[in-house]
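**Student:** next come a sequence and a model predicted from it.
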Amino acid sequence: MKAKLGMSPIAWWNDDLAELSDDVSLEECLRQSRSAGFTGMEMGRRFPSDPAVMLPILRAADVTLCGGWFSGTLVEEELAANKDRIRPMIELFKAVNAPCIVYGEVGRSIQGDRSRPLATKAKLGDDEMKAYAAKVTAFGEWCADQGMPLSYHHHMGAVVQTEPELDAFMRHSGAGIPLLLDAGHLAFAGGDVLRVIDAHHARISHVHVKDVRRKVLDGLDWTKQSFLDAVALGAFTVPGDGSLDFGAIVQRFADYGYEGWFVVEAEQDPKLNPPKKMAEVGYKELKRVMTAAGYTIETQGFPKG
């Protein structure tokens with residue numbers, strides 16, 4: 001079995017918390033992650049939106065664009081508005097041969113609002129969840145028809161956060177909207193990562209291997225502290241530096257024959273946790289557990305020829 005390892009630039013620059021961003025160029029970010037062994041990078045705010053500009057940067061770094069976040073609003077806005085906003089991203093991702101766009105729901109979400117405690121997250125009723133899942137499925141099918149599949153990201157602070165919410169979303173949605181499994185977000189929400197892989201492996205198309213610091217999570221006051229407070233306190237980290245058993249997680253993916261991207265997305269203070277060092281720690285741990293699970297890690301970055 002083959003697997004590809006990528007990173008998210010959120011380790012270098014955080015879009016929601018300016019104090020958790022380093023003054024590092026896109027080129028240096030790519031160089032550091034590639035030197036650690038990663039062959040892919042998800043899109044961040046310092047990436048150009050013109051493929052004619054992006055492609056030479058990726059080629060020079062020997063890195064593939066392996067995904068990127070789209071802020072969806074389907075829980076409160078219509079398909080047409082989201083189609084209009086995602087069209088340029090679809091064209092860009094097609095031009096640079098990215099595997100998917102990550103759909104993250106920001107409608108009714110508290111994930112980016114530091115004034116909103118974790119306990120104030122919006123919850124959908126059964127009928128609302130059913131209608132929402134149907135709408136996201138239709139959107140996913142439309143994006144795939146345009147030539148770029150989506151992968152749905154369950155997320156802390158969003159309307160699909162907990163394991164029961166994810167189960168309900170998956171039950172009411174269809175194959176037209178694949179799933180991004182984020183180990184860190186699921187663990188933060190109190191979910192069982194292995195059980196979710198067992199339940200939904202057939203729809204998982206993209207994986208974020210985010211680790212958590214259990215001591216930080218256990219110390220949070222959900223009635224007073226926000227998701228961004230948790231991030232600033234160091235709730236997330238790379239595999240090999242946190243509390244999750246990625247040996248068991250990767251083995252479970254291997255058991256189901258998953259072949260695709262495993263992306264390290266670990267937002268934390270780059271001054272306390274230097275991104276290059278963290279990239280090296282994460283790659284070393286993933287290489288160890290993936291080799292044990294029978295994976296061959298692809299070493300080619302930007303496609304040749």
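**Tutor:** Looks like it came in fine.

**Student:** would you map the helices across the stretch 101-250 of the chain?
**Tutor:** All helices of the stretch 101-250 of the chain, identified by DSSP state H, counting those that start in this stretch, fall at 126-145, 163-172, 183-188, 193-200, 214-218, 227-233, 246-255.

**Student:** of those helices, which stretch is the most buried?
**Tutor:** Greatest average neighbour count among these goes to helix 183-188 (a mean of 25), per mean count of other Cβ atoms under 10 Å. The C-beta positions use only the backbone N, C-alpha and C, and glycine is treated the same way.

**Student:** and for that one, what's in contact with it?
**Tutor:** With Cβ atoms under 8 Å, 6 or more residues apart in numbering as the test, helix 183-188 has contacts from 153-156, 161, 163, 166, 192-193, 196, 207-212, 217, 230, 235-236, 242-244, 246, 249, 265-266.

**Student:** for stretch 296-305, list every residue counted as buried.
**Tutor:** Of the residues in stretch 296-305, 297, 301-302 count as buried by neighbour count, 16 or more other Cβ atoms under 10 Å.

**Student:** if we take these, which one ends up nearest to Leu58?
**Tutor:** Nearest to Leu58, judged by Cβ to Cβ, of the buried residues of stretch 296-305 is Phe302 at 5.4 Å.

**Student:** let me see the contact set for the closest one.
**Tutor:** Contact partners of Phe302, counting by Cβ under 8 Å, 6+ apart, are 58-59, 61-64.

**Student:** quick one, which of those residues are buried?
**Tutor:** Buried members of the contacts of Phe302, scored by 16+ other Cβ under 10 Å, are 58, 61-64.

**Student:** got TSV for the residues you listed, with distance to Arg34 too?
**Tutor:** Below are the buried ones among the contacts of Phe302 laid out as TSV (distance: Cβ to Cβ, whole Å):
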residue	distance to Arg34
Leu58	10
Ala61	6
Asp62	6
Val63	5
Thr64	10
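
**Student:** take the residues you listed and keep only those in helices.
**Tutor:** 58, 61 (DSSP state H).

**Student:** so which pair among the buried ones among the contacts of Phe302 is furthest apart in space?
**Tutor:** Ala61 and Thr64, at 9.6 Å, using Cβ to Cβ across these.

**Student:** common neighbours of these two, please.
**Tutor:** Both Ala61 and Thr64 are contacted by 301-302, under the criterion Cβ under 8 Å, 6+ apart.

**Student:** so of the buried residues of stretch 296-305, which ones are in strands?
**Tutor:** With DSSP state E as the criterion, strands contain Ile297 from among the buried residues of stretch 296-305.

**Student:** export the buried residues of stretch 296-305 to a markdown table and tack on pLDDT and distance to Ala3?
**Tutor:** Below are those laid out as a markdown table (pLDDT from 0 to 100; distance: Cβ to Cβ, whole Å):
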| residue | pLDDT | distance to Ala3 |
| --- | --- | --- |
| Ile297 | 98 | 6 |
| Gly301 | 96 | 14 |
| Phe302 | 96 | 18 |
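
**Student:** from the buried residues of stretch 296-305, which is closest to Arg114?
**Tutor:** Among the buried residues of stretch 296-305, Gly301 lies closest to Arg114 (Cβ to Cβ), at 36.2 Å.

**Student:** got a list of what that closest one touches?
**Tutor:** When contacts are counted by Cβ under 8 Å, 6+ apart, Gly301 touches 34, 39-40, 61-64.

**Student:** one more time with 6 Å
**Tutor:** 39, 62-63 (Cβ atoms under 6 Å, 6 or more residues apart in numbering).

**Student:** sorry, back to before: filter the contacts of helix 183-188 to the buried ones?
**Tutor:** By 16+ other Cβ under 10 Å, the contacts of helix 183-188 give 153-156, 161, 163, 166, 193, 196, 207-212, 217, 230, 235-236, 242, 244, 246, 249, 265-266 as buried.

**Student:** rewinding a little: can I get the contacts of Phe302 in TSV with pLDDT and distance to Glu259?
**Tutor:** As requested, those are arranged in TSV below (pLDDT from 0 to 100; distance: Cβ to Cβ, whole Å):
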residue	pLDDT	distance to Glu259
Leu58	98	22
Arg59	98	25
Ala61	98	24
Asp62	98	21
Val63	98	20
Thr64	98	15
